[in-house]
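**Q** 3D, please:
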Amino acid sequence: MYPPLNSRLKKISVLIASFTLLTACQDMPEAQSAGGMPPAQVSVEPVSRTSVPIIIKLPATLAGNKEVEIRARVSGIVESRNFEEGQKVSAGQSLFTLDLEPFTLEVEKAQAEVNVAVATVKQAKRERDRLQKLKNERSVSKRDFDNAASNYDIAVANLASSKVALNESKLDLEYAHVKAPVSGMIGRELVSEGSYVSGPELLLTELTETDTMRVRFGFSEREQLQMRKDVENGNLSLPKNNEFDTKLILQDGSTHESMGKVNFSDVRVNRYTGTSELQAKVENSTGQLRPGQFVRVELIGAVRNNAVLLPQRAVLDNGTGKFVYVATENEQGTMVALPAPVEVGEWVHLDDKNYWVIRSGLTDGQPVITEGFARIFFPGMPIAIADKGE
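**A** Next up, the predicted model:
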């Protein structure tokens, strides 16, 4: 008679467990002899130094080369507006015309006063010359002659004064035509036709010269101090007079066609932002750039000396800082991967590859791992350095 089914199943389970344990015991020495996990295959590059051009990237805003407030120099009624808002105007073009009649009358009045003064001068001259002859003949007193001579001098002075008044009235008539002082883009009108203009205190419109644009950007005090230290240490070379070449990157990522050059650096530090203002000028013949536009500026011309360059992929981040893996031989003579914290500087693009400038943390000749990170599961893991030909 067969034993119960449960008893038979228990015996089978015990046999299977015994077989599994026996097999594991037989395989254990073989696994131990293999040394556990195989070493990770990696590639390394020794730390070396070189000089490399660097690009400084900063946010910037655009402004017109000249931003002019258009105001009338005389008072009067606006008779006409002579431009289309938002269009380009030329230097000397009439923008507003005031009522010309009062100014024309003033010119005519001043001209009449000049004519009177001319006649007065002629009369005073004749009288002076007549008394001059009588004085020589001793037929008139010296006092009468002196009075005649003085009247002539006064008449000449009045003529000069009346000519000045005539020029002033002509100038006012000219100022009644409000003209564009420079070429550029005109804004909207701020005073309508028929309005009274009280003079220069009233703004009529604004004009911006856009053929050349000013690029304004800030450079932090901390970055400037670091750059000065690097220059003093010989680790950084800057262009003469800090006249960086400038490239503009627009919001869509495209590059503006014209290069510019830094032409101004403010010695003052803005106490609210902690930055100093710099300015560059860029040609804008196509009108692509507009005042108030936000761009990114790239400053070109600086050179980092004695720089350590590492491929961007070789620099890792653990959340608390950046580090690289260095191939190091441990006490047992095994080559392992150990992390080394580094301080990074600028990001450099050379030969279609991306690099970090390493400011500190490495010494010359150290073998830095540049390939095979996916096989390194923990610091101190054994590694095998692959030949460059592999």
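
**Q** Do a quick rundown of the strands in the stretch 101-250 of the chain.
**A** Using DSSP state E, counting those that start in this stretch, the strands found in the stretch 101-250 of the chain span residues 177-179, 184-186, 196-197, 203-220, 236-237, 245-249.

**Q** Ok, which of these comes nearest residue 292?
**A** strand 203-220 (9.7 Å; Cβ to Cβ). (C-beta placed from N, C-alpha, C; glycine too.)

**Q** Residue 256 is in contact with residue 289, isn't it?
**A** Yes - in this structure, residue 256 is within contact of residue 289 by Cβ atoms under 8 Å, at 6.8 Å.

**Q** shared neighbours of those two, which are they?
**A** Residues within reach of residue 256 and of residue 289 at once, by Cβ atoms under 8 Å, 6 or more residues apart in numbering, are 248, 282, 295.

**Q** ok, the residues you listed vs residue 116, which is closest?
**A** Lowest distance from residue 116 to the shared contacts of residue 256 and residue 289 (Cβ to Cβ) belongs to residue 282, with 58.4 Å.

**Q** Apart from its chain neighbours, what residue comes closest to the closest one?
**A** Spatial nearest neighbour of residue 282, chain neighbours left out: residue 260 (3.5 Å); criterion: Cβ to Cβ, 6 or more residues apart in numbering.

**Q** what's the burial count for the one you found?
**A** 22 (other Cβ atoms under 10 Å).

**Q** got the residue ranges for the helices in the chain?
**A** 5-33, 101-136, 142-175, 221-232 (DSSP state H).

**Q** Worst mean pLDDT among those?
**A** The minimum mean pLDDT among those belongs to helix 5-33 (a mean of 39).

**Q** of all the helices of the chain, which lies closest to residue 196?
**A** Nearest to residue 196, of these and by Cβ to Cβ, is helix 101-136 at 12.3 Å.

**Q** Next, the angle helix 142-175 makes with that closest one.
**A** Per axes from the mean of the first three to the mean of the last three Cα atoms, to 10 degrees, the angle that helix 101-136 makes with helix 142-175 is 160 degrees.

**Q** Please identify the buried residues of helix 101-136?
**A** 103, 106-107, 110, 113-114, 117, 120-121, 124, 127-128, 131, 135 (16 or more other Cβ atoms under 10 Å).

**Q** Figure out how far stretch 334-346 is from the centre of its chain.
**A** Offset of stretch 334-346 from its chain centre (Cα atoms, centre = their mean, to the nearest Å): 36 Å.

**Q** got the contact list for that stretch?
**A** 39-40, 42, 54-56, 304, 307, 315, 318, 321-330, 356-362, 366, 368-369, 376, 379-385.

**Q** buried sites along that stretch?
**A** 335, 336, 337, 338, 342, 344, 345, 346.

**Q** and those residues as a markdown table, adding distance to residue 205 and pLDDT?
**A** Listed next are those as a markdown table, based on distance: Cβ to Cβ, whole Å; pLDDT from 0 to 100:
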| residue | distance to residue 205 | pLDDT |
| --- | --- | --- |
| 335 | 75 | 92 |
| 336 | 73 | 93 |
| 337 | 68 | 93 |
| 338 | 69 | 94 |
| 342 | 57 | 95 |
| 344 | 50 | 93 |
| 345 | 48 | 88 |
| 346 | 45 | 88 |
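
**Q** Just name the closest of these to residue 156, please.
**A** residue 346 (75.6 Å).

**Q** burial measure for residue 324, as a count.
**A** As a measure of burial, residue 324 has 25 neighbours, counting by other Cβ under 10 Å.

**Q** my bad, residue 195
**A** For residue 195, the neighbour count with other Cβ under 10 Å is 13.

**Q** Contacts only, for it.
**A** Here residue 195 is in contact with 77, 78 (Cβ under 8 Å, 6+ apart).

**Q** if we go to 10 Å?
**A** Contact analysis of residue 195 by Cβ atoms under 10 Å, 6 or more residues apart in numbering lists 77, 78, 189, 202, 204.

**Q** Report the buried members of those residues.
**A** Judged by 16+ other Cβ under 10 Å, buried ones among the contacts of residue 195: 78, 189, 204.

**Q** ok, now how distant is the second one from residue 376?
**A** Taking Cβ to Cβ, to the nearest Å as the measure, residue 189 and residue 376 are separated by 69 Å.

**Q** Please produce JSON lines containing the buried residues of stretch 334-346, extended by distance to residue 146.
**A** Formatted as JSON lines, those follow (distance: Cβ to Cβ, whole Å):
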{"residue": "335", "distance to residue 146": "118"}
{"residue": "336", "distance to residue 146": "117"}
{"residue": "337", "distance to residue 146": "113"}
{"residue": "338", "distance to residue 146": "112"}
{"residue": "342", "distance to residue 146": "99"}
{"residue": "344", "distance to residue 146": "94"}
{"residue": "345", "distance to residue 146": "89"}
{"residue": "346", "distance to residue 146": "87"}
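
**Q** Most neighbours of all the shared contacts of residue 256 and residue 289, which one?
**A** Busiest of the shared contacts of residue 256 and residue 289 [other Cβ under 10 Å] is residue 248, holding 25 neighbours.

**Q** what about the residue lying closest to it once chain neighbours are set aside, how many neighbours?
**A** Closest residue to residue 248 apart from its sequence neighbours, by Cβ to Cβ, 6+ apart: residue 256 at 3.9 Å. Per other Cβ under 10 Å, the neighbour tally for residue 256 reads 21.

**Q** where does residue 256 land on pLDDT?
**A** Looking at residue 256, the pLDDT reads 94.

**Q** show me the residues around it that make contact.
**A** Here residue 256 is in contact with 213, 215, 246-250, 282-284, 286, 288-289, 295, 297 (criterion: Cβ under 10 Å, 6+ apart).
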